[in-house]
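# Next come a sequence and a model predicted from it.
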Amino acid sequence: MKKLLLFLLTTSLFALTTNNTFRITFQNLKFQNEHMGLLETSYLFDFGNFYTGLSVYSAITGKRGGFFTGGVNLGYKYPLEKITLDSGLFIGGGGGGHAPQGSGLMLKIYAGALYPLNKNFNLVANLNHIKFKDGEIDSTQLALGVDYNFQDVYFLKPFNGYGYFSKERVFFSPFVLEYIPFDSKTTARTKQKRFSLIGAEIGKYKNENTFYFISTGGAFRGESDGYAEFLFGMGKKFPFLTLKASLGAGGGGEVDTKGGAIYKIEAQKNISFLNISAGYMGSFGGVKAYYLKAAINKNFNFASVGEKYLKIETKKFRISLYSESYLPSNTIRKDDDSKRLDVMNVDLGYFINENYYAFINAASAYNGGSGGYAVGMFGVGYEKNFFAKIAVGAAGGGRVDVGGGLLAKAIIGYKFKNFSIGIGRIKAFEGRLNTTILDIGIDFDFYKGIVE
């Protein structure tokens, strides 16, 4: 009790302990006489009874493999004696899998209840309505799932010193991957050729040798531009090898994943900060492939809720939400349609020092008739009152002419407090996409303690 009181005193002075939730639900949509099963994965932050966070929806059943949407969730919880009432709104963009999503803007409203199983887990049940603004998806259905509730520590300002915490080992691992399909055909019934992915894994260690992770990536080389995947997995370290297994969603780029569910089995060799892997990817009745993967690994020992007296130093992180407009150009789409394309973006940034930072980016179309267009990038930036950043990554879908999927962008702009506006250029390496972009958004800066 004494140590707990010391922790509370420590964090009350310069840190914020937050209640967070990782949510997974499944809902079965019906439209145009077909069904599509969507898996929701959300990371939510509580602010009293209100909460907000980021959500991803992925098709895993039906015939729309490659359908993904991402966006922002806002909700409200009202506790009763045995259950908690739960309602909210999701706004995002996406599509794919040749679904009738129109320009890609997705709206979801929901109302339901949470039933506590124990301190950390709740059952989730809600009735929700999902509609794509100018598409033909307009469906009401029941969602069922589970919440995992946990606490974390964020710092309000830079800090270097001692406090009562625990150590949480987290890793970030960007990768490139080459798929080598066999006995597989595309959705056009031609032979599935090799293609390459760029992506990243973010994971957390349960103990010294066991870890959980999320993996996401998109095609950047080959003839499968538009393919993307999003998986959850578990790994185990052995003396000479690490074994990993994951399950999730993938598709697009005419890669035939049927309903969208895919799985992977992987053997990984760790050589200092470099990970070399070989594995197998399969779907349920669709594509199957071997793969080779190379990754760079970066570990962080984050301070979390605990009772050990530890020395920490904070590092600055940033979440950026912004709309990016591709200004009218006949280079944007394969059919020469030149109208403006609007894309919703999320960046997660890590500050190397006061001015320089590295970031990962995810984006999806929400306006302009190219629903299903999605982007994933890695970049670096510099800021004072103005900012400049460059990024490279993979994109595809929505008839956007990105060739094999590899593209780059550069942006300069001005910051006022948490708001930013910028102008730049985006260009595909092999496709025709080459146009001016305008960005407007908001940044949320925070600090995480690193245990020394």
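Now that the structure is in, tell me what you want to look at. All values derive from a computational prediction rather than experimental measurement. Numbers count the residues shown, from 1 in each chain.

# Specify the beta-bridge partners of residue 365.
Beta bridges link residue 365 to residue 343, judged by DSSP bridges.

# Run through the residues that contact it.
By CB atoms under 8 Å, 6 or more residues apart in numbering, residue 365 lies in contact with 93-95, 103-104, 341-344, 371-374, 398, 400. Glycine gets a C-beta too; all of them are placed from N, C-alpha and C.

# And for residue 375, the neighbour number?
26 (other CB atoms under 10 Å).

# Where does it fall, secondary structure wise?
Taking DSSP states H and E as the criterion, residue 375 maps to strand 374-383.

# Going by neighbour count, which residues in that strand are buried?
By neighbour count on 16 or more other CB atoms under 10 Å, the buried set for strand 374-383 is 374, 375, 376, 377, 378, 379, 381, 383.

# same deal with stretch 270-281?
For stretch 270-281, the neighbour count (16+ other CB under 10 Å) marks 275, 277, 279, 281 as buried.

# what's the answer for stretch 150-162, then?
Going by neighbour count (16+ other CB under 10 Å), the buried part of stretch 150-162 is 152, 153, 154, 155, 159.

# so for it, what's the average pLDDT?
For stretch 150-162, the per-residue pLDDT values average out at 88.

# what distance separates the start and the end of it?
Taking CA to CA, to the nearest Å, stretch 150-162 runs 23 Å from one end to the other.

# Confirm residue 369 sits in a helix?
No. According to DSSP: H, G, I helix; E, B strand; the rest coil, residue 369 belongs to no helix; its state is coil.

# Hmm, residue 105 and it touching each other?
No. With contact defined as CB atoms under 8 Å, residue 369 does not reach residue 105; the gap is 11.1 Å.

# which of the two has more neighbours?
Per other CB under 10 Å, whichever of residue 369 and residue 105 has more neighbours is residue 105, with 26 against 17.

# Let me see the contact set for that one.
Contacts of residue 105 (CB under 8 Å, 6+ apart): 91, 92, 93, 132, 133, 134, 366, 367, 371.

# Which of the residues you listed has the largest number of neighbours?
Going by other CB under 10 Å, residue 371 tops the contacts of residue 105 with 32 neighbours.

# Ignoring the adjacent residues along the chain, who's closest to that one?
Closest residue to residue 371 apart from its sequence neighbours, by CB to CB, 6 or more residues apart in numbering: residue 104 at 3.1 Å.

# now the helices for the stretch 1-150 of the chain?
For the stretch 1-150 of the chain, the helices defined by DSSP state H, counting those that start in this stretch cover 2-14.

# where does it dip in pLDDT?
Confidence mapping of the stretch 1-150 of the chain against pLDDT under 70 gives the ranges 1-14.

# need the buried residues of stretch 270-281 in CSV with pLDDT, can you?
Compiled in CSV, the buried residues of stretch 270-281 are given as follows (pLDDT from 0 to 100):
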residue, pLDDT
275, 95
277, 97
279, 97
281, 97
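
# what's the longest strand in the protein?
strand 298-326 (DSSP state E).

# where do the helices sit along the stretch 151-300 of the chain?
With helices called from DSSP H, counting those that start in this stretch, the stretch 151-300 of the chain shows none.

# all strands of it, in order?
Secondary structure of the stretch 151-300 of the chain by DSSP state E, counting those that start in this stretch: the strands cover 160-181, 195-205, 210-221, 228-237, 242-251, 261-271, 274-283, 288-296, 298-326.

# Turn those into TSV, including distance to residue 148.
Formatted as TSV, the strands of the stretch 151-300 of the chain follow (distance: least, CB to CB, whole Å):
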stretch	distance to residue 148
strand 160-181	15
strand 195-205	12
strand 210-221	11
strand 228-237	12
strand 242-251	17
strand 261-271	21
strand 274-283	26
strand 288-296	26
strand 298-326	15
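
# what's the nearest residue to residue 441 if we skip its chain neighbours?
Closest residue to residue 441 apart from its sequence neighbours, by CB to CB, 6+ apart: residue 322 at 2.3 Å.
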